[in-house]
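# starting from these lines, generate the structure:
(chains A, B, C and D)
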Protein chains: 2
Amino acid sequence: MPRKKRDTSEKRGSIISAAIEAFQAEGYDNTSMDRIAELAGASKRTVYNHFPTKEALFEAVFDRFLGEVMALKRIPYDAELSLAEQLGDFAAAKLRVLDDPVWLGLMRMALGVFVRDPEVARATLACAAAGEDHLAAWLEAAAAADRLTVQNSKLSAEVFWGMVSGGLLWPQVVQGPMPRPEAKVLETELIRTFLAGLSPG
Amino acid sequence: MPRKKRDTSEKRGSIISAAIEAFQAEGYDNTSMDRIAELAGASKRTVYNHFPTKEALFEAVFDRFLGEVMALKRIPYDAELSLAEQLGDFAAAKLRVLDDPVWLGLMRMALGVFVRDPEVARATLACAAAGEDHLAAWLEAAAAADRLTVQNSKLSAEVFWGMVSGGLLWPQVVQGPMPRPEAKVLETELIRTFLAGLSPG
DNA sequence: GAATGTAAACTACACGGTGTAGTGTAGTGT
DNA sequence: ACACTACACTACACCGTGTAGTTTACATTC
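Presented below is the predicted three-dimensional model:
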């Protein structure tokens, strides 16, 4: 017979929220456990009762973050829309983290942690590869409809994500946002270039 | 009348070298000034006599690093060589930091610092944009020779650097090296795609 | 159904241990 | 006179723990 149990998820949740707030604004190292406790409206002891170490708290934070972000819309192939338009949707999905300053802050924090710990980085970025599979599937659908020629959909997907990441995502994560119109021009050109590489076969 | 002066550049240099060694291996935060002094074979006081703060030392380190790396070979347009070959040289120039573990370590360290300080990041990455100008000039030369059609050389250069950065550079900086053949295949495909975008006009 | 017991969850706060940026100073060598 | 060394020392920040006492909510009892 289970004796008494109390619902601790609320406190736990507020601690994670506080940690997100602090990590995002100040970075991992510059955030003390005292500060997180204060933001959470909890005693430090309670924080440690929920998470044995700061690193454990980081993992919980990052899990929630991934859960929210990786609820990425799976863009299905649509015969009605232009290819460029649909690729724009893929790019937009990847760049959505830039719109929310909290997400952006978490990206920065995570990058700072990853850069010190390649293991964690490799493990986590493997998860981000899910987006590549969706795009590869989309490419094959478009190829089946004879709207483009693709020899290696996995490779092409990698190329496209590389273009978006290197041209638009990382620069803005590291340096802060670039002017909207400039970003749009670059995005258009990236998509045009990518499609050009898929037309000749 | 010049009083007495001694050449302090040797000690200063050994301090910077020691800092490079330590920063590269352990990261900025995990490196103490005591450790740097020890590696340099100097007293901590001497370190502080040369560099008032740890941050000043970081800047000196990064300056030397940039000086070495940004001695990038300026690839001149060569009518004899294939375009793909020459773009491969540009890519290789950018990816050279991956070959030297010390440079790679410094990239990681710098990224960790940038991610906490967007101002420094923006200032420094502006310097890296020098590579874009070289490529833009090369593109115009190739266009003048009628080997490709480029409407906006600056934009196209940005696209190419984005492709190389996002597909090859950052992933390997953050996650560690990828298998050589895999990298080569991706590089070839990136270049093919980029050139495809420049042929129709 | 209200009063009451009780253990889990929580608070407040002090403390140990550690690490580190940066300084002060007296003295050595050139 | 100047660069440097050795080393003690300040000042501070932070992770994580120990503890004594308080609140909360569930279970039992009346």
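
# flag every buried residue along the helix or strand bottoming out on mean pLDDT in chain A.
The helix or strand of chain A with the lowest confidence, counting by mean pLDDT, DSSP states H and E, is helix A:118-128 at a mean of 75. Residues of helix A:118-128 classed as buried: A:120-121, A:124 (neighbour count, 16 or more other CB atoms under 10 Å in any protein chain shown). Any C-beta I mention is one placed from the backbone N, CA and C, and that applies to glycine too.

# so the one helix or strand A:Ala56 maps to, near DNA strand D or not?
Assigning secondary structure by DSSP states H and E places A:Ala56 in helix A:54-69. Yes. Helix A:54-69 reaches DNA strand D (CB under 7 Å from any atom of the strand) through A:54-55.

# how far off centre is the following helix or strand past that helix?
Next helix or strand after helix A:54-69 toward the C-terminus (DSSP H and E): helix A:83-95. Distance of helix A:83-95 from its chain centroid, counting by CA atoms, centre = their mean, to the nearest Å, is 15 Å.

# by contact count, what packs against helix A:83-95?
Where contact means 3 or more CB pairs under 8 Å, 6 or more residues apart in numbering or on different chains; DSSP states H and E, helix A:83-95 is packed against helix A:130-144, helix A:153-164, helix A:180-196.

# that helix - what's its average pLDDT?
Taken as a whole, helix A:83-95 has a mean pLDDT of 95.

# restricting to C-alpha, output that helix in PDB.
C-alpha atoms of helix A:83-95 as PDB (Å, rounded to 0.1, in the frame of the first residue of the first chain):
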ATOM      1  CA  LEU A  83       9.200  23.900 -54.500                       C
ATOM      2  CA  ALA A  84      10.900  27.100 -53.300                       C
ATOM      3  CA  GLU A  85       7.900  27.900 -51.100                       C
ATOM      4  CA  GLN A  86       8.100  24.500 -49.400                       C
ATOM      5  CA  LEU A  87      11.800  24.700 -48.900                       C
ATOM      6  CA  GLY A  88      11.200  28.100 -47.400                       C
ATOM      7  CA  ASP A  89       8.900  26.400 -44.900                       C
ATOM      8  CA  PHE A  90      11.700  23.900 -44.000                       C
ATOM      9  CA  ALA A  91      14.100  26.800 -43.500                       C
ATOM     10  CA  ALA A  92      11.600  28.700 -41.400                       C
ATOM     11  CA  ALA A  93      11.100  25.700 -39.200                       C
ATOM     12  CA  LYS A  94      14.800  25.500 -38.500                       C
ATOM     13  CA  LEU A  95      15.100  29.200 -37.900                       C
END
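
# show me which of the buried residues of helix A:118-128 is closest to DNA strand D.
Relative to DNA strand D, the closest of the buried residues of helix A:118-128 is A:Val120; by CB to the nearest atom of the strand it sits at 15.8 Å.

# which residues touch the closest one?
Residues in contact with A:Val120 (CB atoms under 8 Å, 6 or more residues apart in numbering or on different chains) are A:113-114.
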